[in-house]
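**Q** return a 3D structure for these sequence lines:
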Amino acid sequence: MAQKHATSKITTFDDIYTNGGDTDTLGFRGEALFCLANLSGSLVVVTRTAQDEMAQKLQFQRDGSMGPTTSLLPRKVGTTVCAVKLFDALPVRRADFCKRIQVQRAKVLTLMQGCKFV
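**A** Numbers count the residues shown, from 1 in each chain. I've put the predicted structure just below:
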């Protein structure tokens, strides 16, 4: 799911305006997960559906391929995506990001406060 174009649900321009576009929920696309994996030391996705007793933890390499192991762990229903060591492969970008962390955090909070979560 973190490889380039692996989970894209947009096949026509009209899909952007329907459930496939996920513009209301900020649903992740394969391109987004691939980009996060590519910019991170690793990408970790922990997810659990209402039908599952335990969550699955998946770890992805920088190229989007899944790591050698997956594991089960307890968590509430939902999905968490964690970019570990963001910009690790781009030291100049990482230094700039760390330097401006307060501004970046404020931007993310503003974005999240304006979202409608279902």
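**Q** the lengthiest helix in the chain: how far from the chain's middle?
**A** Longest among the helix segments of the chain by residue count, using DSSP state H, is helix 101-113. From the chain centre to the centre of helix 101-113 is a distance of 17 Å (C-alpha atoms, centre = their mean, to the nearest Å).
**Q** same thing with stretch 65-79?
**A** Distance of stretch 65-79 from the chain centroid (C-alpha atoms, centre = their mean) equals 13 Å.
**Q** give me the residues contacting it.
**A** Applying C-beta atoms under 8 Å, 6 or more residues apart in numbering, the contact partners of stretch 65-79 are 2-3, 42, 45-50, 54-61. C-beta: built from backbone N, CA, C; applies to glycine.
**Q** can you select the buried ones among those for me in PyMOL?
**A** The PyMOL command for the buried members of the contacts of stretch 65-79 (criterion: 16 or more other C-beta atoms under 10 Å) is given here:
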select buried, resi 2+45+46+47+48+55+56+57+58+59+60+61
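**Q** just to revisit the earlier point, what does the longest helix of the chain contact?
**A** Contacts with helix 101-113, where a contact means C-beta under 8 Å, 6+ apart, come from Phe97.
**Q** dump it to CSV, keeping only the CA atoms.
**A** The C-alpha trace of helix 101-113 is given here as CSV (Å, rounded to 0.1, in the frame of the first residue of the first chain):
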residue,chain,number,x,y,z
ILE,A,101,9.2,23.4,14.0
GLN,A,102,7.0,25.8,15.9
VAL,A,103,5.6,27.4,12.7
GLN,A,104,5.1,23.9,11.1
ARG,A,105,3.3,22.7,14.3
ALA,A,106,0.9,25.7,14.2
LYS,A,107,0.1,25.1,10.5
VAL,A,108,-0.7,21.5,11.2
LEU,A,109,-3.0,22.4,14.2
THR,A,110,-4.8,25.0,12.1
LEU,A,111,-5.3,22.4,9.3
MET,A,112,-6.6,19.8,11.7
GLN,A,113,-9.0,22.2,13.5
